[in-house]
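Engineer: no letters, just coordinates:
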């Protein structure tokens, strides 16, 4: 397929197809096949479970329970903060990025957008030499072609409705040093929605000193290479052994 037009549903159905393939093998217990997703996979894994009764469990690692658009704004703000950009400048950049996303919503809804697009283009050009502009990773001008519809749909994918449909055992795990996704907010959303659904088989773990890539964050010294957290991986394995095997 076309990755630029693939939706979250397309990707989740790929995962479901994998589950279906495994379930046909004689050497595999079809009742114990689950899906695990990291980062973007944290949107896809629960979606796959909501679309197939064959998914026996879900593990989400470093998952965002907000839209990709909101996650993107959060992530970029964190990157800018780490580069010494002031809070006021981060707020200005975040508002401009939000305007871009709101413009995309107009395009997706087939509503008039040319006037707003011209206004945003002027604002981008007016700020392109500001010291915060490069760290914000905003385009200096808008391209002539409009984004593919699939890309827009993916940008505004709302996972809250998905989590209301997940009723199998779930492990949701994050590192507390994750600056890519809003950990506290995502955890609260998943806990609330799973409680409303009545799923009592939710396990939530936040591992101390671990970043989005599951690597240990060490202060005052750089690692010579990324060091994956053994605690993070051990938690996943032990949960699977206790819950599934």
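Structural biologist: Now that the structure is in, tell me what you want to look at. The structure displayed is predicted, hence computed values, not measured ones.
Engineer: for the chain, which residues score under the pLDDT cut-off?
Structural biologist: Scanning the chain for pLDDT under 70 picks out 1, 220-224, 226.
Engineer: please redo it, this time with the cut-off set to 80
Structural biologist: Within the chain, the stretches with pLDDT under 80 are 1-5, 143-145, 147-148, 219-226, 245.
Engineer: list the buried residues for the longest helix belonging to the chain?
Structural biologist: Longest helix of the chain, by residue count under DSSP state H: helix 87-108. Under the neighbour-count criterion of 16 or more other CB atoms under 10 Å, helix 87-108 has 89-90, 92-94, 96-97, 100-101, 103-104, 107-108 buried. Any C-beta I mention is one placed from the backbone N, CA and C, and that applies to glycine too.
Engineer: check which helix or strand covers residue 189.
Structural biologist: For residue 189, the enclosing helix or strand under DSSP states H and E is helix 183-197.
Engineer: redo the buried residues of helix 87-108 as TSV? Include distance to residue 73.
Structural biologist: Listed next are those as TSV, based on distance: CB to CB, whole Å:
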residue	distance to residue 73
89	14
90	10
92	12
93	9
94	5
96	10
97	6
100	10
101	8
103	14
104	13
107	18
108	17
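Engineer: need the max-distance pair from these.
Structural biologist: The largest separation in the buried residues of helix 87-108, counting by CB to CB, is between 89 and 108 at 29.0 Å.
Engineer: any idea how far the spatially most distant residue from the centre of the chain is from residue 35?
Structural biologist: Largest separation from the mean C-alpha position in the chain: residue 26, at 34.5 Å (CA atoms, centre = their mean). Note on residue 26: its distance to residue 35, by CB to CB, to the nearest Å, is 21 Å.
Engineer: same check on residue 7?
Structural biologist: Residue 7 is 17 Å from residue 35, by CB to CB.
Engineer: the more surrounded of the two?
Structural biologist: Higher neighbour count among residue 7 and residue 35: residue 35, with 25 against 15, using other CB atoms under 10 Å.
Engineer: could I get the phi/psi values of that one?
Structural biologist: phi -130, psi 140 (degrees, to the nearest 10).
Engineer: okay, and residue 123 sits in which element?
Structural biologist: Residue 123 belongs to helix 114-127 when assigned by DSSP H and E.
Engineer: report the distance from that helix to the chain centre.
Structural biologist: Computed by CA atoms, centre = their mean, to the nearest Å, the separation of helix 114-127 from the middle of its chain amounts to 28 Å.
Engineer: is it true that residue 171 touches residue 63?
Structural biologist: No. Using CB atoms under 8 Å, residue 171 is not in contact with residue 63; the gap is 10.5 Å.
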